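Chemist: okay, predicted coordinates and the sequence, questions at the end:
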Amino acid sequence: MQAMLKGVWRYRAFVVSSVAAELNNRVNRSRLGILWLVISPLVQVAIFALILSAIMRGRIPGIDNQFAYAIYLMAGFLPWYLFTEIVTRCSTMFIENANAMKKIVFPKVTLPVVIAAIAIINNLIFFLAVTLVYLALGHGLSLATLWLPLLILVNTGLATGLGVILGTLNVFIRDVGQMVPIFIQFGFWFTPIVYTANIIPEAYRGALYLNPIYWIVAVHRDVLVFKQAPDPLTLFCLVVLTLIVGALGMFMFKRASPEMVDVL
Amino acid sequence: MIQDPVLRVDRLGKAFKSYSHELGRVLSWFSARYGQYEEKWILRDISFAIEPGQSLAIIGQNGAGKSTLLKMITGTLRASEGQVHLKGQIAAILELGMGFNPDLTGRQNVFQAGGLLGHSHHALEGKMDEIEAFAEIGSYFDQPMRVYSSGMQMRVAFALATAFRPDILIVDEALSVGDAYFQQKCFDRVERFREAGTAFILVSHDRAAILNLCERAILLDRGRIAKDGAPDEIMDYYNAMIGTQSDGDISTELVRGRVATRSGTYEATVEAIALHDAEGHPIEVASVGSQMQIRATIAVHAPVQRLVFGYAIKNRMGQTLFGINTHYTDQELENLSAGDRVDVTVSFPLNIAAGDYSITTSLSEKENHVSKNYEWCDLAATFSVVNTARQVFDGLAFIPPTIEVTHRPADQA
């Protein structure tokens, strides 16, 4: 653990320049540049809002705004994007960087750090857009938003932990990489992002609680939609889960890393 | 003076594990067992050491384990047994490029890959001008790497890897991509580093580069050190090995203090070889510019469908000055029977500089000795050339010139 942190610190210049290079690249090679980071998620939100708002109207309890559904939707997409970006990219990071790993000795732990940093920056930019939309819709933000950094941190931790596990497995069992997008799509509909939990029949609703992404989405909604502190039990469970997944990820990565370059 | 080695490799070995089921590997991290795995040893029992300033060539056929060895030395690959003891900084150019990102410019990649090598942004900034100047790729330096040729990538890679003098510099093949001009530049830099104490390891198939740059060579064969010694001797042995492949044998003996390598299947052999002067007298020492004759007698021991005789004149460094065979002169022989004898006389003007030379002979089926090698014999004969009759000159070859010098004094112009 300590060695890993030290590695990241020693290679901080690399981390910073990788993050900068990637952002730079995205901005430089397209005309709208940084706007694309916001446009594609907002369009997705708009599509769902347009199609489903009629069905979902009046189904969102606890908020009094005619655009309630759009507000609800964005609060769900915000953590979802962060989570999936990190998991998807981490699952292929070792394979994509096989070339560098075969030729240069560097702490591999910098790879997920770079991915997480870029995802957080993307997420903050998206959050900025969400804030603007909230203001425009007359919803605004509250003091509870101050919880957001902690929530982002937990979300990032959980996603990175899971991503490292998948990324490590993917080096040896390439099917994992193929399965990740399918599971993410499945996860999107299994998580109440575009619908509310209460439309699920009472008898099955318990199953939702088995899905930790639901917990993440729920605490984000507490803060952004309902303008209140996140549910303490949910938050506590999330932190514990993040630590467990993170520890497992680190353990597997450490065990696997001597053999990794063998098969890359 | 014997210095502490900068690199010591101790009984190094590498085995790749292949599992009957990859799940077995995953479970093995948790100390559980599932399925079976096979260990395939790629390298075993590799031990050597190099001192500061020493240069070492590693040669061997594809799959002999050269790259695996280098990767273990640099640390990207973990050894399965044995140890690598390193003292100081190591810089390596393994295969082509250095994990460059094709979307970034040369300059950005220097920061990026330089960061991966552990250099700080500040240090790289300080060296940037020098790196740009050494790579000499002009305005390409600020263009994305995807538009680079492989040679340009190599130039940036070499410039970056050698921006800071390492204690050990490892170059794997990479240089062969460069043009002659850049290669020479790289060699010069390597030489300067060596004088300053950098140990150098080169993996190459380029005989000239090895003889030029290295004072020692290690031949890897099927994961083991087959031979360790002077580069020309190892190259000869390697050459013989390629010819012999699965059948035939290789023997070495000492000729005039140098190791002669003989290999082949021996259906035909050079029974006798002698050097003569223009008058037909046997000689061992000849004068620059004189006529020389090689007279060889070939004995055929088993029916041979086609026979090509070849010879090469090599200098002391093992570099070939001239070589040719009877395939290229359209004098190959066909359908020889056991017991036949063939006499060959080769005459030529000895237009080479003073020094010690050797003759390598080959008997094969085709123009090269790879398909069927009856006999390959290094140091089949040796001779010395002295400059008694000609003017003093410099260089390897004697190219008799006609020089006209006209003096036009200023007052007559």
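Modeler: Done, it's in. Numbering: from 1, shown residues only, chains lettered A, B, ... in the order given.

Chemist: a strand runs through residue B:219, doesn't it?
Modeler: Yes - counting by DSSP: H, G, I helix; E, B strand; the rest coil, residue B:219 is part of a strand.

Chemist: which parts of the stretch 101-250 of chain A sit against chain B?
Modeler: Contact residues (Cβ under 8 Å from any Cβ of the partner chain) of the stretch 101-250 of chain A with chain B: A:101, A:102, A:103, A:104, A:105, A:106, A:169, A:172, A:173. Backbone N, C-alpha and C define where each C-beta goes, glycine included.

Chemist: which element, helix or strand, includes residue B:335?
Modeler: Secondary structure assignment for residue B:335, by DSSP states H and E: strand B:333-336.

Chemist: let me fix that: residue A:99
Modeler: Taking DSSP H and E as the criterion, residue A:99 maps to helix A:98-103.

Chemist: neighbours around residue 210, how many?
Modeler: As the question left the chain open, I've gone with chain A. Number of residues near residue A:210 (other Cβ atoms under 10 Å in any protein chain shown) recorded here: 8.

Chemist: the chain in question should be chain B.
Modeler: Counted with other Cβ under 10 Å, residues neighbouring residue B:210 total 24.

Chemist: nearest to residue A:194, of the residues of the stretch 101-250 of chain A next to chain B?
Modeler: Set against residue A:194, the nearest of these by Cβ to Cβ is residue A:169 (29.7 Å).

Chemist: shouldn't the closest one be within a strand?
Modeler: No - membership of residue A:169 in a strand is not supported by three-state DSSP, which gives helix.

Chemist: would you confirm that it contacts residue B:26?
Modeler: Yes - judged on Cβ atoms under 8 Å, residue A:169 makes contact with residue B:26 at a distance of 6.6 Å.

Chemist: intersection of neighbour lists for those two?
Modeler: Residues touching both residue A:169 and residue B:26 (Cβ atoms under 8 Å, 6 or more residues apart in numbering or on different chains) are residue A:252.

Chemist: returning to what we had before: from the chain's centroid, how far away is the helix holding residue A:99?
Modeler: 27 Å (Cα atoms, centre = their mean, to the nearest Å).

Chemist: quick check: mean pLDDT of it?
Modeler: Across helix A:98-103, pLDDT averages out at 82.

Chemist: same question, stretch B:9-22
Modeler: Here the average pLDDT along stretch B:9-22 is 84.

Chemist: chain center to that stretch: distance?
Modeler: With Cα atoms, centre = their mean, you get 28 Å for stretch B:9-22.

Chemist: give me the contacts around the strand holding residue B:335.
Modeler: B:268, B:300, B:303, B:304, B:305, B:306, B:307, B:326, B:342.

Chemist: tell me who's in contact with residue B:348.
Modeler: If a contact means Cβ under 8 Å, 6+ apart, then residue B:348 has B:291, B:292 as its contacts.

Chemist: let's verify it: helix, strand, or coil?
Modeler: Under three-state DSSP, the three-state class of residue B:348 is strand.

Chemist: any idea what it is bridged to?
Modeler: Judged by DSSP bridges, the bridge partners of residue B:348 are residue B:292.

Chemist: please read off the pLDDT at it from the model.
Modeler: Residue B:348 is assigned a pLDDT of 93 by the prediction.

Chemist: distance check, it against residue B:324.
Modeler: 10 Å (Cβ to Cβ, to the nearest Å).

Chemist: so where's chain A uncertain?
Modeler: In the predicted model of chain A, residues A:29, A:57-59 satisfy pLDDT under 70.

Chemist: what's the single longest helix in it?
Modeler: Ranked by residue count and defined by DSSP state H, the top helix of chain A is helix A:232-263.

Chemist: what is it packed up against?
Modeler: Here helix A:232-263 touches helix A:98-103, helix A:148-172, helix A:212-224, strand B:7-19, helix B:22-29, going by 3 or more Cβ pairs under 8 Å, 6 or more residues apart in numbering or on different chains; DSSP states H and E.

Chemist: change it to 10 Å
Modeler: With contacts defined as 3 or more Cβ pairs under 10 Å, 6 or more residues apart in numbering or on different chains; DSSP states H and E, helix A:232-263 has these neighbours: helix A:2-10, helix A:68-96, helix A:98-103, helix A:148-172, helix A:212-224, strand B:7-19, helix B:22-29, helix B:66-74.
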